[in-house]
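Model the structure of this input:
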Amino acid sequence: MARSKCVSKYIARNIFNVILYLTVWYSGRVVRAWPNQAGHCASGGNLHLKSFNAHGTGGGDYIEDFDLRIVVDSTDLRAEIILDPEREKATVLAKNALYSVTLETKGSSVGFKGFLFRLKGRNYEDASSALTVIPSMRDDSVEINFCPSKVSAISHSHNRVKKSVKFDLEVEQTGEYLLEVTVVRENDPYPMDDWGYSSYKLDIGSPRPFSDFPSSSFPSSIYPSIGSPSPSSSPSPSPSSSISITPTNILYLWMLTASFCLLL
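Numbering: from 1, shown residues only. Predicted coordinates for the structure are as follows:
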C-alpha cells in the first residue's frame, strides 16, 4: 500500500512538472505577455481566437467606428492619405519611398491601450523589412520578431492609454500588400469586447493611368508622381487667313494660266 502511494506521488509530481514546463514553454513562444506587446502575429481579425480567449468574444468592428483613423503621409505627397477599410481599389504608394503611418484618435475618442500593425504581401511578396519603429516612438511601440518570414509587424510596448503612434513604412518590392490593424481600447474588467480590426489594400509600384479616374477629380494626393497637366499660359495660335505659297501652288497656277491661253 505504501509503495502504491509513493508511485502515485511520483507520477503526480512528474505530470505536474511536465504541465509546468509546457506552460512556461508555451507562454514564452506564443503568449508573449500581452500588456507589453501583442500576443500573436497571425493574420485575420478575430482577436478573441487569436489571443486564446484573452479578449472578449465580441468587438471586431472597424477601428474607424471607435473614432480612430490611419493617416499616411510623406514629403512626396501633396496631401495626407486617410486609409479607408471599405475602399474597393487599393491605395497606390511608390516603391522605395519613405512614408509615415499614424494611428491617431479623433473626435471624442478616449484613446487606446494596445495595437498591432501587420503587413504582408497578398501574393507572398516580401514585406519583412517594410515596417520600422521611429526612434522617438520606441517608448510606445516595438517591432515584432516572431512573425512569418515575409511579414513585418509593430505593436505596443505598454498598456497605458495612448492618443497616437507613428512609424515608418518603406516597401522595396512592387506588388500587392495588405495592412492589417488591430486596436484594443480596453480589456478591463476582463474580458471586455472593446477592440476593433481594419484591413487596407496597398499597391506598391507605378501609379494607375489617367483612365481610371475622371479628369475633374484626379486623386493627386494618392498619386503624387502624376499630376493633371496645367493649362498653357499662352493661347494657341489662331488659323491663318492668308494663303500659303508653295511650289505645288505655283505649278497649279501655271497650268491654269496655260490652259486659259489655249482657249484664246
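
Can you read off the pLDDT for Thr248?
Confidence at Thr248, expressed as pLDDT, is 52.

in the stretch 101-250 of the chain, which spans are strands?
Here the stretch 101-250 of the chain has its strands, by DSSP state E, counting those that start in this stretch, at 114-121, 131-133, 141-143, 152-156, 164-169, 175-186, 194-204.

what ranges of the stretch 151-264 of the chain fall below the confidence cut-off?
Of all residues in the stretch 151-264 of the chain, those with pLDDT under 70 make up the ranges 206-264.

picking up where we left off before, okay, the strands of the stretch 101-250 of the chain in JSON lines with mean neighbour count and distance to Asp73 next?
C-betas here are computed from N, CA, C, even on glycine. As requested, those are arranged in JSON lines below (neighbours: other CB atoms under 10 Å; distance: least, CB to CB, whole Å):
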{"stretch": "strand 114-121", "mean neighbour count": "24", "distance to Asp73": "15"}
{"stretch": "strand 131-133", "mean neighbour count": "19", "distance to Asp73": "15"}
{"stretch": "strand 141-143", "mean neighbour count": "19", "distance to Asp73": "17"}
{"stretch": "strand 152-156", "mean neighbour count": "25", "distance to Asp73": "17"}
{"stretch": "strand 164-169", "mean neighbour count": "19", "distance to Asp73": "9"}
{"stretch": "strand 175-186", "mean neighbour count": "21", "distance to Asp73": "15"}
{"stretch": "strand 194-204", "mean neighbour count": "21", "distance to Asp73": "14"}
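
May I see those organised as CSV, with distance to Val101 added?
Formatted as CSV, those follow (distance: least, CB to CB, whole Å):
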stretch, distance to Val101
strand 114-121, 7
strand 131-133, 8
strand 141-143, 11
strand 152-156, 9
strand 164-169, 5
strand 175-186, 8
strand 194-204, 10
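
Quick one: closest of the ones you listed to Ala94.
Nearest to Ala94, of all those, is strand 194-204, at 7.4 Å by CB to CB.

Just the C-alphas of the closest one, formatted as CSV.
Taking Å, rounded to 0.1, in the frame of the first residue of the first chain, the C-alpha atoms of strand 194-204 are listed here in CSV:
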residue,chain,number,x,y,z
ASP,A,194,-13.6,46.9,-26.7
TRP,A,195,-11.4,46.1,-29.6
GLY,A,196,-11.5,46.7,-33.4
TYR,A,197,-9.9,45.5,-36.6
SER,A,198,-9.5,47.1,-40.1
SER,A,199,-7.5,46.0,-43.1
TYR,A,200,-6.3,48.1,-46.1
LYS,A,201,-5.1,47.1,-49.5
LEU,A,202,-1.9,48.7,-50.7
ASP,A,203,-0.4,48.5,-54.2
ILE,A,204,3.3,49.3,-54.4
